[in-house]
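In: No letters, just coordinates:
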Ligand SMILES: O=C(O)C(=O)C[C@]1(C(=O)O)C=C[C@@H](O)C=C1
């Protein structure tokens, strides 16, 4: 295959981010072209504009929760994109410095806000009074420190051990995250038109609005899943932005839209919500198949529908 025919991936860069590690884990041994983006919005814009086929972006972290810029940009754009895959990556941080810097000299620490949140306890204990200088990613902080040294505006970067090595920095402390089991979930996004085949262990991502000022509207929405035996693995609310008290709900559910119980829940949602956006059905990273409760298998829905059709044609 020529270089021109390879799939083009962009990701939250620069080289050395956890997002790049997620991309490598996703493509495995497949040969692809990669081109880092400076932030999540430009990575998604590159896919919309046709400059990349896929973007890999962070979606949620086990400690700090949802990555709002990803949730909001995917949910609000006039040109929808779809999620075609997910990757879960363990995240561990080192405190990286220009070689020769002592711990006592570190007063300003740069990193991505999600990384800062995951190392806050350690920084408080070991670098009491140190302040956070936000960066677009962990590797961006490392790259700037390596490039500018004392002129960087900060003394250390919280990044992966790989990033520290790649940018020629020294890992002054390792394992600095407050939770050693932290993981981040990344999603692989493309333009609509390529719905991955169901595998039996899939997830579907949706965004929905509720009717304004209606008691029980949230319960109505959740019932659409409950009565069809569809389990939600994530639900979070994000402000819509135009006035206080208006929220959109971002959800992941277990199953693929090709499955009857998921399709039935989506039909129900469409009836009770003023706006529903389908954001993709894709294989789960852990390949764990959901528990499908009795009465909610595809065959149960098909049998029930056939029964109603027979009634409608007079075959009671
Ligand atoms: O900065 C990086 O290396 C990223 O890939 C981004 C990101 C995030 O957005 O949460 C990914 C994983 C870590 O939790 C910290 C930062």
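Out: Right, received. Where do you want to start? Keep in mind that this is a model prediction, so the values were computed, not measured.
In: partners of residue 97 in the sheet?
Out: residue 170 (DSSP bridges).
In: correct me, but it touches residue 106?
Out: Yes. The pair formed by residue 97 and residue 106 meets the contact definition of Cβ atoms under 8 Å, at 6.7 Å. In this view, the C-beta of every residue, glycine as well, is placed from N, C-alpha and C.
In: Now the common contact residues for these two.
Out: Taking Cβ atoms under 8 Å, 6 or more residues apart in numbering as the contact criterion, the common neighbours of residue 97 and residue 106 are 155-156, 172.
In: doesn't residue 188 make contact with residue 84?
Out: Yes. Residue 84 sits in contact with residue 188 when judged by Cβ under 8 Å, with a separation of 5.5 Å.
In: out of those two, which sits in the more crowded spot?
Out: residue 188 (23 against 19; other Cβ atoms under 10 Å).
In: With the ligand as the reference, measure out to the more buried one.
Out: For residue 188, the distance to the ligand (Cβ to the nearest ligand atom, to the nearest Å) stands at 14 Å.
In: nearest residue to that residue other than its sequence neighbours?
Out: residue 85 (3.8 Å; Cβ to Cβ, 6 or more residues apart in numbering).
In: do the same with residue 149
Out: In space, residue 149 is closest to residue 98, 5.4 Å off (Cβ to Cβ, 6+ apart).
In: How many neighbouring residues does the residue of the stretch 151-300 of the chain found nearest the ligand have?
Out: Of the stretch 151-300 of the chain, the residue with the smallest distance to the ligand, taken as Cβ to the nearest ligand atom, is residue 184 at 3.9 Å. For residue 184, the count of nearby residues is 24 (other Cβ under 10 Å).
In: Just list whatever residues bridge to it.
Out: Legend: beta-bridge partners of residue 184 under DSSP bridges are residue 61, residue 89.
In: mind putting the shared contacts of residue 97 and residue 106 in CSV, neighbour count included?
Out: Written out in CSV, the entries for these read as follows (neighbours: other Cβ atoms under 10 Å):
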residue, neighbour count
155, 23
156, 31
172, 19
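In: List, one by one, the residues from the stretch 101-250 of the chain near the ligand.
Out: Where the stretch 101-250 of the chain comes near the ligand, counting by Cβ under 6 Å from any ligand atom, the residues are 112, 114-115, 137-139, 184.
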